[in-house]
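A.B. asks: Got a sequence here, can you model it:
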Amino acid sequence: MAPSQPGSPQSQSASSERRLSPTEQRNPASSGLDDLDTLGVLQVLNAQDHAVIDAVASALPQLAGLVDVAAERMRRGGRVHYFGAGTSGRLGVLDASELLPTFNLEPGRVVGHIAGGQAALVNAVENAEDSAAGGRTIGAELGPVDVAIGIAASGSTPYVGGALDAAREAGAHTVLISNNPYAPLAGKAADHIVLDTGPEVITGSTRLKAGTAQKLTLNGFSTALMVALGRTWDNLMVSVVATNAKLRERTVRILMEAADLGEGDARALLESCEGDLKTAIVVSFTEATPAAAASALKSHAGSVRAAIGTLAAGGSS
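C.D. replies: Take a look at the predicted model:
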């Protein structure tokens, strides 16, 4: 095989693999960290954290595109799968697990996978992130209407690479979220969302700026996705699952805010709607029966706005 020429795709790929990830480089701003007093250490960390907001802001146009793709696929029955190892994997599992109680999202629609499985959530699992085969096994379970999101600070985790390879072969839409503009795995995904947070305060400790940027990005992605799927109304958390006394009281307060009702009227309306907050909101704005409101919600995939629009216009579910 002839040697690759400078500037060719082959040489660029080789160069990117040799290049040290920004997250592994030393940060001159934190030089002498262990010689500072406690307040000084915290001030350095805080000052460096300012880079996180800018990094996430730069990625928002790409993130919006991912939300739109994921929403369209989920409306057709697709699922979103996060893949990561270590901190990145834990953040994916955390984000996915919070969607059921917050937005009443059905289990299995957004799923987090971490190299090493459940045990890796609290303990390091030796060699798990190096297993491309482990990622491939799970990635192969995806289908053509699914979305696979690999999360890796360095953009080089073999487990994530294996998952993206298999998911792409299965027809899923693939995305890599990394903190490395030259991520070696970028070619394995249809899109690469870069969160360029630079070197860490403690060299290589990606639970710091890189992890914080990933957390904000996943929060933004999943929240915007739930808004797109009608899981909110206005800026209210109307899909909350009232599984305890605190949350049941929250549904009362949300209904009071949404429909401008007194507490007694809100409680009575919720009771007439069998405690379903979305149904109660639709009834309050349309004067439909609870049964008609519930039917309209079902016909519009749970979207309060769409259900109100249909019933207010005199339509039926």
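A.B. asks: residue ranges with poor pLDDT in this structure?
C.D. replies: For the chain, the stretches with pLDDT under 70 are 1-18, 315-317.
A.B. asks: all helices of it, in order?
C.D. replies: All helices of the chain, identified by DSSP state H, fall at 9-18, 38-75, 86-97, 99-103, 132-139, 158-169, 209-228, 245-259, 263-272, 277-286, 290-299, 304-312.
A.B. asks: With respect to D196, which of those lies nearest?
C.D. replies: In terms of C-beta to C-beta, the element of the helices of the chain nearest to D196 is helix 38-75, at 5.3 Å. (C-beta placed from N, C-alpha, C; glycine too.)
A.B. asks: ok, and for that closest one, which residues are buried?
C.D. replies: For helix 38-75, burial by neighbour count (16 or more other C-beta atoms under 10 Å) applies to 44-45, 48, 51-52, 55-56, 59, 62-63, 66-67, 69-71, 73-74.
A.B. asks: okay, now the closest residue to V111 other than its chain neighbours: neighbour count?
C.D. replies: Nearest non-adjacent residue to V111, counting by C-beta to C-beta, 6 or more residues apart in numbering: H81, 5.1 Å away. Using other C-beta atoms under 10 Å, H81 has 24 neighbouring residues.
A.B. asks: Now do H81 against S97, distance only.
C.D. replies: Using C-beta to C-beta, to the nearest Å, H81 is found at 13 Å from S97.
A.B. asks: what do the two both touch?
C.D. replies: Counting by C-beta atoms under 8 Å, 6 or more residues apart in numbering, the residues touching both H81 and S97 are G112.
A.B. asks: residues contacting V145?
C.D. replies: For V145, the contacting residues are 73, 76-79, 172, by C-beta under 8 Å, 6+ apart.
A.B. asks: returning to what we had before: now the helices of the chain in JSON lines, with distance to I149?
C.D. replies: As requested, the helices of the chain are exported to JSON lines (distance: least, C-beta to C-beta, whole Å):
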{"stretch": "helix 9-18", "distance to I149": "21"}
{"stretch": "helix 38-75", "distance to I149": "8"}
{"stretch": "helix 86-97", "distance to I149": "8"}
{"stretch": "helix 99-103", "distance to I149": "14"}
{"stretch": "helix 132-139", "distance to I149": "11"}
{"stretch": "helix 158-169", "distance to I149": "9"}
{"stretch": "helix 209-228", "distance to I149": "8"}
{"stretch": "helix 245-259", "distance to I149": "29"}
{"stretch": "helix 263-272", "distance to I149": "36"}
{"stretch": "helix 277-286", "distance to I149": "28"}
{"stretch": "helix 290-299", "distance to I149": "29"}
{"stretch": "helix 304-312", "distance to I149": "27"}
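A.B. asks: A153 is in contact with Q214, correct?
C.D. replies: Yes. Using C-beta atoms under 8 Å, Q214 makes contact with A153 at a distance of 7.4 Å.
A.B. asks: so what's in contact with these two at the same time?
C.D. replies: With C-beta under 8 Å, 6+ apart, Q214 and A153 have common neighbours 87-88, 179.
A.B. asks: Please identify which of these is nearest to L208.
C.D. replies: For these, the nearest to L208 is T87 (9.2 Å; C-beta to C-beta).
A.B. asks: List the contacts of the closest one.
C.D. replies: Taking C-beta under 8 Å, 6+ apart, we find T87 in contact with 153, 206-207, 210-211, 214.
A.B. asks: Please report which of those residues has the highest neighbour count.
C.D. replies: Most neighbours among the contacts of T87, by other C-beta under 10 Å: A153, with 33 neighbours.
A.B. asks: What separation do you get for that one and H81?
C.D. replies: 19 Å.
A.B. asks: Find the nearest non-adjacent residue to S58, please.
C.D. replies: Nearest non-adjacent residue to S58 (C-beta to C-beta, 6+ apart): D196, at 7.2 Å.
A.B. asks: Cheers, nothing more for now.
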